[in-house]
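Novice: take a look and give me a structure for this.
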Amino acid sequence: MVDATMPVKIIPLGGLEQIGMNITAIEYDKTIIVVDCGLSFPDDDMLGIDLVIPDISYLIENKERVKGLVITHGHEDHIGSIPYIEKQLKMPIYATRLTMGLIDYKLEEHGILNEVKREVVSYGQTIKLGQIRVEFIRTNHSIADSAALAIHTPAGTIVHTGDFKVDYTPVFGGVIDLQRFAELGKEGVLALMADSTNATRSGFTPSERTVGKTFDHIFDENRDHRMIIATFASNVDRVQQIINSAYKYKRKVIVQGRSMENVISIASELGYLTIPEHTLIEIDEAKNYTDEQLVYITTGSQGENMAVLSRIAASIHNKISIKPGDVVIFSSSPIPGNEKAVYRVINELEQKGAKVIYHDAHVSGHACQEELKLIYALTKPKYAIPVHGEYRHLKRHAELAAEMGIPKENIRIVKCGDVLAVSDEAMEVIGHVQAQGVLVDGLGVGDVGNIVLRDRQHLSENGLIVVVLTLEHSTNQLLAGPDIISRGFVYVREAESLLEDCRLVVEETLDECLSRSTADWSRIKSRVRDELGEFLWKRTKRSPMILPIISEV
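Specialist: Have a look, this model is predicted:
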């Protein structure tokens with residue numbers, strides 16, 4: 001028998017107080033569903049880390065209750081972690097057609113495509129997962145086939161917008177289904193979980209089609225120059241408009257960047273991208289055309305180190321070099337935290353003589369304040385739970401919800417790991433689960449933690465000194481060394497006297513240990529580390545990592 005008084009639990013495992021790594025567990029009684037499964041990119045202090053994926057310890061502990069993974073759209077911050085998580089959970093995946101095409105590619109790349117159940121869903125379709133029903137609703141975003149979710153539970157209906165905006169003239173597909181949002185509002189919405197990314201921006205987000213007109217204008221103004229356009233690989237509608245302008249102005253298009261090539265291939269196969277015949281050419285064919293006949297579409301709009309545009313700017317791309325007069329267009333806005341990297345690339349391009357356009361060729365895929373107000377007006381939720389954004393976005397979203405008449409006690413900004421219990425009677429945080437993020441370094445997933453990161457930071461800031469000693473097995477007499485090896489601490493040729501003094505300190509420390517008949521190598525190493533560390537701090541005011549190595553003969 002259904003207990004309508006039992007609360008539904010909302011457990012965000014990522015995507016709050018940050019941009020990216022969106023993942024939320026929705027739990028009712030014996031059923032858990034997971035909404036989205038994204039990744040984020042490392043902060044500057046995460047040295048050597050490639051990706052950050054969600055910590056799903058809670059889902060693994062409750063594996064038998066996890067009924068499925070529902071995906072709102074195909075951006076990396078919503079699908080990027082799926083292969084890593086599916087290796088542990090094997091959840092059935094439910095997504096729209098283009099989104100599933102992108103997911104299939106990722107699963108195939110990781111060799112687990114045939115191990116995961118997948119179902120393509122249509123707008124308006126409802127899937128039953130245990131005690132929860134999930135309905136997919138058409139929305140608009142910067143990638144086609146984006147969906148909002150109406151999550152129907154015995155405790156009430158939760159509307160999760162996913163990333164969205166209201167676009168009355170989308171490049172591909174239909175207009176956001178505002179009628180269904182209104183119908184849900186009449187039926188009664190317990191809670192609204194809405195996108196906060198643009199909650200600080202007033203007004204409406206312009207239609208994606210406005211970028212097409214901008215591209216036409218830029219192509220017209222720069223008929224005599226080669227063009228390089230950087231955008232997000234997954235922004236299929238943007239790529240379509242670049243191709244449209246290129247075809248209109250009789251240019252050939254060269255695509256560069258592995259992720260860009262993959263997305264264009266998948267979107268073309270599924271019919272989400274229309275490319276006129278003979279418009280796309282391979283990079284090796286570029287020599288057959290003049291510069292004014294070419295446009296390159298590349299990755300690297302966020303200044304990523306190894307992306308195509310960054311390599312071109314740094315003169316390390318093996319086939320493309322910047323020439324004076326080239327026109328480079330950044331068709332995206334910097335993600336918060338990426339500004340420095342983006343402006344570094346812009347400066348490098350300008351120094352090489354390129355003309356860089358980085359303000360006008362982009363519109364956001366996220367709802368501004370007036371669109372958020374519209375969704376609130378239509379759904380009339382009892383509770384507001386801002387999602388997707390840094391704290392400043394969530395806070396402004398909460399203020400906007402209050403402006404729309406939601407009582408302040410019915411608005412809750414939650415943190416990753418909070419267990420939010422929501423029922424008709426109350427909404428409160430009743431617990432907390434582990435949700436810190438797992439670091440991916442090469443093939444290692446989760447084997448680099450805070451201690452390793454702290455060591456890397458220490459090494460990057462202070463360098464390393466290795467002390468090598470050789471002791472005789474029976475007597476512990478010093479046979480060789482101490483040899484001092486410095487990396488990243490001082491330039492050896494100019495610090496010979498300092499390193500000689502280091503040797504003397506180590507010798508004295510060793511003599512003192514051996515005179516006390518200290519045979520425990522761990523104690524000897526500890527004493528060497530302490531004494532040498534204190535000496536170096538007094539002499540240099542630096543604290544390198546000191547690594548004593550004792551070998552026995």
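
Novice: what packs against the strand ranked longest in the chain?
Specialist: The longest strand of the chain (DSSP state E) is strand 478-487. If you count contacts as 3 or more CB pairs under 8 Å, 6 or more residues apart in numbering; DSSP states H and E, strand 478-487 packs onto strand 464-471, helix 496-515. For glycine as for every other residue, the C-beta is placed from the backbone atoms N, C-alpha and C.

Novice: buried residues in it?
Specialist: Going by neighbour count (16 or more other CB atoms under 10 Å), the buried part of strand 478-487 is 478, 481, 482, 484, 486.

Novice: kindly report the same for stretch 123-137.
Specialist: 123, 127, 129, 130, 131, 132, 134, 135, 136, 137.

Novice: check contacts around the fourth one.
Specialist: Going by CB atoms under 8 Å, 6 or more residues apart in numbering, residue 130 touches 28, 30, 31, 32, 33, 65, 67.

Novice: ok so, going back, for the buried residues of strand 478-487, work out which two are farthest apart.
Specialist: Greatest spacing in the buried residues of strand 478-487, by CB to CB: 478 and 486 (20.7 Å).

Novice: so where is the protein shaky, pLDDT-wise?
Specialist: Scanning the chain for pLDDT under 70 picks out 1-4, 42-50, 439-460, 473-476, 478, 491-494, 517-519, 553.

Novice: tell me which stretches of the stretch 251-400 of the chain form helices.
Specialist: Secondary structure of the stretch 251-400 of the chain (DSSP state H, counting those that start in this stretch): helices at 258-269, 308-313, 339-351, 369-379, 391-403.

Novice: would you mind giving the ones you listed as CSV with distance to residue 194 and mean neighbour count added?
Specialist: Output for these, formatted as CSV (distance: least, CB to CB, whole Å; neighbours: other CB atoms under 10 Å):
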stretch, distance to residue 194, mean neighbour count
helix 258-269, 27, 18
helix 308-313, 33, 25
helix 339-351, 26, 17
helix 369-379, 6, 20
helix 391-403, 7, 19
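
Novice: those helices into CSV, with extra columns for distance to residue 153?
Specialist: Output for the helices of the stretch 251-400 of the chain, formatted as CSV (distance: least, CB to CB, whole Å):
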stretch, distance to residue 153
helix 258-269, 33
helix 308-313, 45
helix 339-351, 41
helix 369-379, 16
helix 391-403, 21
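
Novice: and of these, who's closest to residue 182?
Specialist: Of all the helices of the stretch 251-400 of the chain, it is helix 369-379 that lies closest to residue 182, at 4.5 Å by CB to CB.

Novice: now for that closest one, which elements pack on it?
Specialist: Under the contact definition 3+ CB pairs under 8 Å, 6+ apart, helix 369-379 sits against helix 178-187, strand 191-193, helix 391-403.

Novice: if we go to 10 Å?
Specialist: Counting contacts by 3 or more CB pairs under 10 Å, 6 or more residues apart in numbering; DSSP states H and E, helix 369-379 packs against strand 147-153, strand 156-160, helix 178-187, strand 191-193, helix 391-403.

Novice: and residue 526, which of those is closest to it?
Specialist: Of all the helices and strands packed on helix 369-379, helix 391-403 sits nearest to residue 526, with 42.5 Å by CB to CB.

Novice: tell me what that closest one is packed against?
Specialist: The contact analysis (3+ CB pairs under 10 Å, 6+ apart) places helix 391-403 against helix 369-379, strand 383-384.

Novice: rebuild the ones you listed as TSV, extending it with distance to residue 229.
Specialist: As requested, the helices and strands packed on helix 391-403 are exported to TSV (distance: least, CB to CB, whole Å):
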stretch	distance to residue 229
helix 369-379	27
strand 383-384	38
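
Novice: nearest to residue 329, of these?
Specialist: Nearest of those (CB to CB): helix 369-379, 26.3 Å.

Novice: quick one, the closest one and helix 391-403 angle?
Specialist: 50 degrees (axes from the mean of the first three to the mean of the last three CA atoms, to 10 degrees).

Novice: so how far is helix 369-379 off the chain centroid?
Specialist: Computed by CA atoms, centre = their mean, to the nearest Å, the chain-centroid distance of helix 369-379 equals 27 Å.

Novice: now do stretch 113-122
Specialist: Counting by CA atoms, centre = their mean, stretch 113-122 comes out at 23 Å from the chain centroid.

Novice: ranges for the helices of the stretch 101-250 of the chain?
Specialist: Taking DSSP H, counting those that start in this stretch as the test, the helices found in the stretch 101-250 of the chain are 178-187, 209-221, 236-248.

Novice: would you mind measuring from residue 270 to residue 98?
Specialist: Separation of residue 270 from residue 98 (CB to CB, to the nearest Å): 6 Å.

Novice: common neighbours of these two, please.
Specialist: Common neighbours of residue 270 and residue 98 are listed as 144, 145, 236 (criterion: CB atoms under 10 Å, 6 or more residues apart in numbering).

Novice: out of the helices of the stretch 251-400 of the chain, nearest to residue 514?
Specialist: Among those, helix 339-351 comes nearest to residue 514, with 52.2 Å by CB to CB.

Novice: what helices and strands are in contact with the closest one?
Specialist: strand 227-230, helix 308-313, strand 327-330, strand 355-357.

Novice: who does the third one pair up with?
Specialist: The reference is to strand 327-330. Using DSSP bridges, strand 327-330 pairs in its sheet with strand 227-230 (parallel), strand 355-357 (parallel).

Novice: what comes up buried for the first one?
Specialist: Yep, that's strand 227-230 we're talking about. Buried residues in strand 227-230 (16+ other CB under 10 Å): 227, 228, 229, 230.

Novice: hey, C-alpha coordinates of it in PDB?
Specialist: C-alpha atoms of strand 227-230 as PDB (Å, rounded to 0.1, in the frame of the first residue of the first chain):
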ATOM      1  CA  MET A 227      38.600  31.800 -40.300                       C
ATOM      2  CA  ILE A 228      39.000  29.500 -37.300                       C
ATOM      3  CA  ILE A 229      36.000  29.100 -35.000                       C
ATOM      4  CA  ALA A 230      36.200  27.500 -31.600                       C
END
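
Novice: wait, residue 222 sits on residue 245?
Specialist: No: applying CB atoms under 10 Å, one finds residue 222 not in contact with residue 245, separated by 11.0 Å.

Novice: show me what contacts residue 436?
Specialist: 13, 14, 52, 54, 55, 57, 416, 417, 449, 450.

Novice: again, 8 Å this time
Specialist: Residue 436 touches 55, 416, 417, counting by CB under 8 Å, 6+ apart.

Novice: same check, this time on residue 218
Specialist: With CB under 8 Å, 6+ apart, residue 218 has these contacts: 227, 245, 327, 329, 357, 360, 361.

Novice: put together a markdown table for the strands paired with strand 327-330, with distance to residue 260 on each row.
Specialist: Output for those, formatted as a markdown table (distance: least, CB to CB, whole Å):
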| stretch | distance to residue 260 |
| --- | --- |
| strand 227-230 | 9 |
| strand 355-357 | 19 |
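
Novice: picking up where we left off before, what lies in contact with the longest strand of the chain?
Specialist: So strand 478-487 is contacted by 463-472, 492, 495, 499, 502-503, 506-507, 510, 514, 544, 553 (CB under 8 Å, 6+ apart).

Novice: now with 6 Å?
Specialist: 464-470, 472, 492, 499, 502-503, 506, 553 (CB atoms under 6 Å, 6 or more residues apart in numbering).
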